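Novice: just a sequence and a predicted model for now, questions to come.
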Amino acid sequence: MILVTGANGQLGRRIVEHLVIRLGGTAGIAVSVRDAGKAADLSRRGIAVRQADFDQPATLAAAFAGIDKLVLISTDGPRDARIAQHRNAIAAARAAGVRHILYTSFLDVAADSPAEFAAVHRATEAELAASGLRVTLLRNPLYADLLPMALGGALAGGDGSFALPAGTGKASFVSREELAEAIAAAAAAPALAKDVYELTGQAVHDYHEVAAAVAAVTGRTLRYLPTDAASHAAALVAHGLPDWLAGALANMYAAVAAGRFERVTNDFAALVGRPPRPLACLAQELFGSR
Ligand SMILES: NC(=O)c1ccc[n+]([C@@H]2O[C@H](COP(=O)([O-])OP(=O)(O)OC[C@H]3O[C@@H](n4cnc5c(N)ncnc54)[C@H](OP(=O)(O)O)[C@@H]3O)[C@@H](O)[C@H]2O)c1
């Protein structure tokens, strides 16, 4: 049986739906969620819904019992809390007899990365390596779905400018929906050729190019203004984001500026059978009605 954690989250729920398509039904699929009431629809469709909170290790043994493959969705929150949550989940999976963990990691896991997210995923990848279990790392690039957050203010009014501390660094952008499709394909595959999949798009772009792609579908003049990480974090806090998230997002863009996301692979296509959508299509989908 395959279990997907975080199935009430945006990525987790999409992975479940793609697994149902890949496996031709709900048989053999289980999920773990913190609030089972929010997964009642999955339960009605025959998916085994188990309650699990990575902060409460006592909940995890029953949740992971009888599971062969675990799709471990990284949690959100401050760095040390996330690392501890992932550690608890991996230890419980091992104790429960899980044989294979597929983990939604991040493209940037470098030890010298400025990104706090890199530190979380690097630590979790190390825990996985030490577990002795079969491990498949599914390293996600930047979600395309984050672009409206970055450009929304510029589209809402003002002079059409938006500031990010990404310099002229380039990254590829893939939607949650397509990442979920690739992760489900990996989970459903009877065999996998590799242990590490980097689910990048087929091209990298800097934010000047992102601005141009969004301008092309909205007809609006957009201008990207590189800024520094501290100013960006302060602006996010002023918009109401918690300190940890503002800091983590700012230093994620600093990692983009440092070129940490500047690579493309064919790993997505190897799993799904076609490449993910290019930036022009994503811009149409995310901004076409604005
Ligand atoms: N690559 C990127 O650009 C990017 C962007 C954003 C996020 N991410 C990462 O990808 C993950 C999934 O993204 P998403 O968009 O689906 O985020 P999301 O909707 O916020 O989902 C986060 C998931 O983490 C689960 N979670 C949080 N704390 C937990 C705990 N203590 N025990 C068990 N589960 C816990 C949540 O469970 P509940 O449903 O019970 O709340 C939720 O399902 C995020 O958590 C983050 O690690 C990557």
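Specialist: Sure thing, it's come through.
Novice: rest of the way, CA atoms for contacts and neighbours
Specialist: Will do.
Novice: what's around the residue lying closest to residue 38 once chain neighbours are set aside, how many residues?
Specialist: Spatial nearest neighbour of residue 38, chain neighbours left out: residue 8 (6.8 Å); criterion: Cα to Cα, 6 or more residues apart in numbering. By the other Cα atoms under 10 Å criterion, the neighbourhood of residue 8 contains 21 residues.
Novice: what about the helices in the chain?
Specialist: Shown for the chain, the helices assigned by DSSP state H span residues 10-23, 40-44, 60-64, 79-96, 116-131, 147-156, 176-188, 207-218, 229-238, 243-257, 267-272, 279-287.
Novice: out of these, nearest to residue 71?
Specialist: Taking Cα to Cα as the measure, the helices of the chain were each checked against residue 71, and helix 176-188 came out nearest at 7.1 Å.
Novice: residues in contact with residue 72?
Specialist: With contacts defined as Cα atoms under 8 Å, 6 or more residues apart in numbering, the neighbours of residue 72 are 4-6, 101-104.
Novice: for residue 143, give its distance to the ligand.
Specialist: Plainly put, residue 143 is 4 Å away from the ligand if you go by Cα to the nearest ligand atom, to the nearest Å.
Novice: contacts only, for residue 10.
Specialist: With contact set as Cα under 8 Å, 6+ apart, residue 10 has these partners: residue 176.
Novice: tally of neighbours for the closest residue to the ligand within the stretch 151-290 of the chain?
Specialist: When Cα to the nearest ligand atom is the measure, the stretch 151-290 of the chain has its nearest residue to the ligand at residue 176, with 7.0 Å between them. The number of residues packed around residue 176, counting by other Cα under 10 Å, is 20.
Novice: which bits of this structure sit near the ligand?
Specialist: 6-12, 33-35, 53-55, 73-76, 140-143 (Cα under 6 Å from any ligand atom).
Novice: residues contacting the residue nearest to residue 57 when sequence neighbours are not counted?
Specialist: Ranked by Cα to Cα, 6+ apart and with sequence neighbours excluded, the top spatial neighbour of residue 57 is residue 88, at 6.2 Å. With contact set as Cα under 8 Å, 6+ apart, residue 88 has these partners: 54-55, 57.
Novice: going by neighbour count, which of the residues you listed are buried?
Specialist: Neighbour-count burial within the contacts of residue 88 applies to 54-55; the criterion is 16 or more other Cα atoms under 10 Å.
Novice: and the contacts of residue 88, which is closest to the ligand?
Specialist: After measuring the contacts of residue 88 against the ligand - Cα to the nearest ligand atom - the closest member comes out as residue 54, at 3.8 Å.
Novice: quick check: that closest one touching residue 90?
Specialist: No - when contacts are counted by Cα atoms under 8 Å, residue 54 is not listed as touching residue 90 (9.6 Å).
Novice: then the helix or strand of the chain at the bottom of the mean pLDDT ranking to CSV, C-alphas only?
Specialist: Per-element confidence for the chain was summarised using mean pLDDT, DSSP states H and E. The lowest value among helices and strands belongs to helix 147-156, with a mean of 92. Extracted C-alpha coordinates of helix 147-156, given in CSV (Å, rounded to 0.1, in the frame of the first residue of the first chain):
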residue,chain,number,x,y,z
LEU,A,147,4.6,33.9,-9.2
PRO,A,148,1.3,35.6,-8.5
MET,A,149,2.5,36.3,-5.0
ALA,A,150,5.7,38.0,-6.4
LEU,A,151,4.0,39.9,-9.2
GLY,A,152,0.4,40.4,-7.8
GLY,A,153,1.2,43.8,-6.3
ALA,A,154,2.6,45.1,-9.6
LEU,A,155,-0.4,44.0,-11.5
ALA,A,156,-2.8,45.5,-8.9
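Novice: what angle separates it from helix 279-287?
Specialist: Interaxial angle, helix 147-156 versus helix 279-287 (axes from the mean of the first three to the mean of the last three Cα atoms, to 10 degrees): 70 degrees.
Novice: other residues contacting helix 147-156?
Specialist: Taking Cα under 8 Å, 6+ apart as the criterion, the residues outside helix 147-156 that touch it are 160-162, 164, 220, 222, 286-287, 290.
Novice: need the buried ones from the residues you listed selected in ChimeraX.
Specialist: To isolate the buried members of the contacts of helix 147-156 in ChimeraX, using 16+ other Cα under 10 Å:
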select :160,161,162,164,220,222,286,287
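Novice: if we take the contacts of helix 147-156, which one ends up nearest to residue 206?
Specialist: Nearest to residue 206 among the contacts of helix 147-156, with distances taken as Cα to Cα, is residue 164, at 11.0 Å.
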